[in-house]
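*Asks:* Turn this into a structure:
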Amino acid sequence: MANIFNAYEDNGFQFFNLHNSIWVDPNIDPVLYTTHLYSETDDWYSLSNKYYKTPRLWWVILIANQIINPFDVLRAGTPLKILNSQVVSDIITQINKKK
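*Replies:* Residues are numbered from 1 along each chain as shown. Next comes the predicted model:
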């Protein structure tokens, strides 16, 4: 994630600037996302790779669905909002402007 968030170093420890937050309205217009029904065989990396052609955008799926802990187990059939590519591009552009 170092290419998305500013990474800082202090006394040999690296950390990310977590003060810049990203929020997606839970009532986002349905034309801006696809619904994916979660399966027990799904994982965040494979979903990111399937929809965004990279495993590195898994965090976008979590943010769009207000999931704080990526290790929480979802029930099979849970609907997930998968933001369309243009929305994701806009989010990344906003993040890069804050650097």
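*Asks:* Phi first, then psi, for the residue most central in space within the chain.
*Replies:* A centroid search over the chain (C-alpha atoms, centre = their mean) returns residue 60, at 1.3 Å, as the residue closest to the centre. Backbone torsions for residue 60, taken as degrees, to the nearest 10, come to phi -60, psi -40.
*Asks:* And the lowest mean pLDDT element among the helices and strands of the protein?
*Replies:* strand 13-16 (a mean of 55; mean pLDDT, DSSP states H and E).
*Asks:* and the residue lying closest to the residue nearest to the centre of the chain once chain neighbours are set aside, what element?
*Replies:* Ranked by C-beta to C-beta, 6 or more residues apart in numbering and with sequence neighbours excluded, the top spatial neighbour of residue 60 is residue 88, at 5.5 Å. Just so you know, the C-beta spots here come from the backbone N, C-alpha and C atoms, and that holds for glycine as well. Element membership for residue 88 (DSSP states H and E) is helix 85-97.
*Asks:* same deal with residue 34?
*Replies:* Assessed by DSSP H and E, residue 34 sits inside strand 33-37.
*Asks:* immediately after that strand, which helix or strand?
*Replies:* Trace forward from strand 33-37 with DSSP H and E and the next one is helix 44-52.
*Asks:* Which positions within that following helix qualify as buried?
*Replies:* Buried residues in helix 44-52, counting neighbours by 16 or more other C-beta atoms under 10 Å, are found at 44, 47, 48, 51, 52.
*Asks:* dump the residue contacts of the last one.
*Replies:* Listed by C-beta atoms under 8 Å, 6 or more residues apart in numbering, the contact partners of residue 52 are 60, 85, 88.
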